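Enquirer: Dropping a prediction and its sequence here:
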Amino acid sequence: MIDGFGRRIEYLRVSVTDKCNLRCVYCMPEDGLPWLRRDQLLTYEEITRIVGAMAPLGLRRVRITGGEPLVRRDVAALAGMIASVAGIDDLALSTNAVLLDEHAGALKAAGVRRLNVSLDSLRPERVDALARRPGTAARVMAGLAAAEDAGFEPIKLNVVLMRGANDDEIADFAALTRERPWHVRFIELMPTGANLALSANAFVSCTEALERLQGIAELEPVAGPPGNGPATYYRFPDARGTVGVITPMSHDYCERCNRMRLTADGQLRPCLFGHLQTDLRNPLRRGEDLVPLIRETLRVKPERHWLVQGSDVGSGGLVALSQTGG
Ligand code: SAM
Ligand code: SF4
């Protein structure tokens, strides 16, 4: 799958639900969002058929995401179905880890190879406050322990940087990579409809994060762990893990884009942001050929996003990344 700008698209992020058991301050509004109805959601069979239609076109890697994917029943069953599609050789999952201790073993057995876990602070009271749910930190730690026990490697931690909320922990997160074989990725806060004040006031660039780390020890650029994403990785000389930065706002990021997104209600989105999306659910339910729709979505994939810090002009009406899988 080659898009109109010559980029090879071989990675699909599949959102299985728009619901979540947390309300992260940068993602969802505290009261939640109007949820999709059950009949609007793709079934696991339908998701597998869409992946099956894309694999012969060049799809190689899939990530299951959400909302929080583990709030949907038996996601491990879906993982097993996707893992058995011919041509798919990498399956990963993004989670907030709250339910991971119950599911880690089944996910591994089903063929999930890699996990990304969101963790925005190393201080339990902050984790709970940023997630707006008491008890979150303890659940996440149990989830991470279960993931290690199940043999997940690499484990990547996603940290959304926010001034005054967790930017004083940049060094602590980086220090964690010396003790554990974890890959800590700092993510620049992206503006969406639900977080405009926060994104205007609390944005911290990854350039600033790296500058703050330079005083601690030399960070060497490294290839980083296997993955699909736009992160750039560094390592302290004695570290077991790496420090990565994901820079949607401060650096060219789109020119290496390799992905499309499938929302929980079956919209194929060529870009995380913007209005463009192609409905695959209804054509699939009518028994139509999806290949021309997939090819047309590739053809119109935009060159880049047009996000503006602290404004929703570029987000294309997107209220929260939970709606598209992030
Ligand atoms: N619930 C899962 C989780 O939190 O990992 C998967 C879905 S979540 C939408 C995917 C990723 O998007 C998470 O790493 C989250 O931190 C990130 N994210 C959500 N909203 C964001 C925003 N406005 N800017 C930057 N990253 C964001
Ligand atoms: Fe839920 Fe993930 Fe959004 Fe947090 S970032 S509210 S865990 S979907």
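Expert: Done, it's in. These figures come from a predicted structure and were not determined experimentally. Ligands and ions are numbered 1, 2, ... in the order given.

Enquirer: hmm, the one helix or strand R261 maps to in reach of ligand 2?
Expert: Secondary structure from DSSP states H and E places R261 in strand 259-262. No. Contact of strand 259-262 with ligand 2 (Cβ under 6 Å from any ligand atom) is absent, the minimum separation being 13.7 Å. All C-beta atoms are positioned from the backbone trio N, CA, C, and that covers glycine.

Enquirer: which strands and helices sit next to the next helix or strand after that strand?
Expert: Downstream of strand 259-262, the first helix or strand assigned by DSSP H and E is strand 267-269. The contact analysis (3 or more Cβ pairs under 8 Å, 6 or more residues apart in numbering; DSSP states H and E) places strand 267-269 against strand 259-262, strand 278-279, helix 291-299.

Enquirer: of all these, which lies closest to ligand 1?
Expert: strand 259-262 (10.9 Å; Cβ to the nearest ligand atom).

Enquirer: buried ones in that closest one?
Expert: Neighbour-count burial for strand 259-262 flags R259, M260, R261, L262 (criterion: 16 or more other Cβ atoms under 10 Å).

Enquirer: so who does F273 touch?
Expert: Contacts for F273 (Cβ atoms under 8 Å, 6 or more residues apart in numbering) come out as M190, H305, W306, L307, G314, S315, G316, L318.

Enquirer: Up against ligand 2, what does this protein have?
Expert: Checking the chain against ligand 2 by Cβ under 6 Å from any ligand atom, the hits are C20, L22, R23, C24, C27, M28, G66, G67, E68, N96, S118, S322.

Enquirer: What's the ChimeraX syntax to select whichever of the residues you listed are buried?
Expert: In ChimeraX, this line selects whichever of the residues of the chain next to ligand 2 come out buried by 16+ other Cβ under 10 Å:
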select :20,22,23,24,27,28,66,67,68,96,118,322
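
Enquirer: now the residues of the chain next to ligand 2 as a markdown table including secondary structure?
Expert: Listed next are the residues of the chain next to ligand 2 as a markdown table, based on DSSP: H, G, I helix; E, B strand; the rest coil:
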| residue | secondary structure |
| --- | --- |
| C20 | coil |
| L22 | coil |
| R23 | coil |
| C24 | coil |
| C27 | coil |
| M28 | coil |
| G66 | coil |
| G67 | coil |
| E68 | coil |
| N96 | coil |
| S118 | strand |
| S322 | helix |
